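>>> Quick one: sequence plus predicted model below, questions after.
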Amino acid sequence: MTQRKKKVNWSELCPELVQCVFERLSFTNLKRGRSVCSSWRTALRGCVPKRNQIPWLILFPQNDNNNENNSNSSCVLFVPDDRDKTYKTRDLGDDFVKSSCVATYGSWLLMSQTRWNLYILNPLTGERIDLPTTGYDLYQRPQDLVACLWIDDTSKDYLVVCVIGCPIFTKKGNHSWRRFGEGGYEQMVYEHTSQQLYVRRYYNYPVRVWSFSGDEPQQVFEENNYPPVEYAFRDFLSKDNKELYLKEEKFYVKEYVDSRLYIAVSTVSGQVLKVVNVLQKSKRWRFLVYKMHPVELTWEVVDSLGDEALILDMGITVVAKDIPGIKRNSIYFSGLDDVRKNPDHIFVFDLTTREIEPLPQCVFSSVHFSDARWFFPGLDV
């Protein structure tokens, strides 16, 4: 007599077994698992996916000031290893819609409200950390604020640095902001391993370095000072042939639309990089990456980032070798303006081919967005 096979009901799997399986999977697979049935959704409620190794794009909702019933308080997420789909965060509240993102670290966003209260928010979990009020008269738009953020996912230790007329900072446990240095900071990048803050000041100033290893920031006077950070359009032109150089120079001026200057820090080597880009009328983008020559102490163009990728919004490079969903020797870019909302300016630039890789159309057709940033959930550097 043959024994009839019992039909398996996957919804009756032991919750501990479901968790054990999905903890080894990515964020996108975990989201799919939660949608299978109510019992899996309950079992996976507190489940954390495996450590993320790729940058995500976050699209911020538009604030409709003319609509009192505006309920658009969620963000859209694009995870590159799931190219045909976008995800929506939980409802992040009315304060969120009226705030601007001014910096990111890991899963966390540094948000600035219209009245200049700053807070840290995790859009994936809804956790929020309110910061001390600045006590300064503020005249910039929130999105114009120069700031950087570092936070530990486990202990919630954090460091926030911003420029409101002058540089100020606060840490976990502080009940106020402290002033340091002088003004004129255009960009800041914090590298936690060395606990150093790298600052780009006005055009043609050298990179300045501050150590945050003690109670008070101390300026680092290194033996090999960084050369001035300046935009040199000549680096885009041929130097070996004068006739060709003059021809390219004329074309460059004719085609020029806009350009930007940045600094970045490698999380692999700790090396400081200079990055410049230019947008041309033909909608062609050009990027150059520089490192400091160790002997001549000048910026020199490098042809490749090797097995790293540059997340320009964060000012860092990360490991990108043999990791699905992240492209090595590439630049993740979200636009020239302080408010990044032009889909044509959000892409991945391949330094090998010198071509842009546009994002899938589903990313921008899913929402009317006011701003966009690449960020890196799970980052721990």
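On my side now, so go ahead. All values derive from a computational prediction rather than experimental measurement.

>>> For the stretch 201-350 of the chain, give me the ranges with low pLDDT.
Within the stretch 201-350 of the chain, the ranges that satisfy pLDDT under 70 run 222-224, 338-339.

>>> what's near enough to touch residue 94?
With contact set as C-beta atoms under 8 Å, 6 or more residues apart in numbering, residue 94 has these partners: residue 73. Yep, even glycine has a C-beta here, placed from its N, CA and C like the rest.

>>> Angles on the backbone of it, please.
According to degrees, to the nearest 10, the main-chain angles of residue 94 amount to phi -70, psi -40.

>>> and what of residue 14?
Main-chain torsions, residue 14, degrees, to the nearest 10: phi -60, psi 130.

>>> per-residue confidence for it?
Note on residue 14: pLDDT of 76.

>>> Same check on the one 3 residues further on?
Listed pLDDT for residue 17 reads 75.

>>> any idea how far it lies from residue 37?
14 Å (C-beta to C-beta, to the nearest Å).

>>> any idea where the helices of the stretch 151-300 of the chain begin and end?
Using DSSP state H, counting those that start in this stretch, the helices of the stretch 151-300 of the chain run over residues 242-255.

>>> How far away from the center of its chain is the top strand by length along the chain?
Using DSSP state E, we find that the single longest strand of the chain is strand 256-266. Put simply, strand 256-266 sits 15 Å off its chain's centre (C-alpha atoms, centre = their mean, to the nearest Å).

>>> Check stretch 249-263 too.
24 Å.

>>> what's the first-to-last distance across it?
Using C-alpha to C-alpha, to the nearest Å, the end-to-end distance of stretch 249-263 comes to 25 Å.

>>> Next, the buried residues of that stretch.
Using 16 or more other C-beta atoms under 10 Å as the test for burial, stretch 249-263 gives 252, 260-263.

>>> show me the contacts for residue 334.
Neighbouring residues of residue 334 by C-beta under 8 Å, 6+ apart: 57, 312-313, 340, 345-346, 372-374.

>>> 6 Å instead, please
Applying C-beta atoms under 6 Å, 6 or more residues apart in numbering, we find residue 334 in contact with 313, 340, 346, 372-374.

>>> same thing with residue 259?
The contact partners of residue 259, by C-beta under 6 Å, 6+ apart, come to residue 278.

>>> at 8 Å instead, please
Counting by C-beta under 8 Å, 6+ apart, residue 259 has contacts 231, 233, 276-279.

>>> For residue 319, state which of these is nearest.
Nearest to residue 319 among those, counting by C-beta to C-beta, is residue 277 at 22.8 Å.

>>> For the closest residue to that closest one other than its chain neighbours, give its distance to residue 301.
Counting by C-beta to C-beta, 6 or more residues apart in numbering, residue 287 is the residue found nearest to residue 277 once chain neighbours are left out, at 4.7 Å. Separation of residue 287 from residue 301 (C-beta to C-beta): 11 Å.

>>> More neighbours: which of the two?
residue 287 (20 against 13; other C-beta atoms under 10 Å).

>>> which residues does residue 232 contact?
residue 276.

>>> For it, give its distance to residue 42.
Taking C-beta to C-beta, one finds residue 232 at 59 Å from residue 42.

>>> before we move on, what about residue 372?
From residue 372 to residue 42 the distance is 33 Å (C-beta to C-beta).

>>> which one of those two has more residues nearby?
Taking other C-beta under 10 Å, residue 372 and residue 42 do not tie; residue 372 has more neighbours (26 against 12).

>>> my read: the more buried one touches residue 59, true?
Yes. Contact criterion C-beta atoms under 8 Å: residue 372 and residue 59 qualify, at 5.1 Å.

>>> related to what we said a few turns ago, looking at residue 17 and residue 37, which is more packed in?
Taking neighbours as other C-beta under 10 Å, residue 17 and residue 37 compare with residue 37 leading, 15 against 10.

>>> I'd like the distance between that one and residue 43.
With the distance defined as C-beta to C-beta, residue 37 ends up 10 Å from residue 43.

>>> repeat for residue 292
52 Å.

>>> Out of the contacts of residue 259, grab the one that's most surrounded.
Most surrounded of the contacts of residue 259: other C-beta under 10 Å gives residue 276, at 22 neighbours.

>>> residues contacting it?
Residue 276 sits next to 231-232, 235, 259-262, 287-288, 290 when contact means C-beta under 8 Å, 6+ apart.
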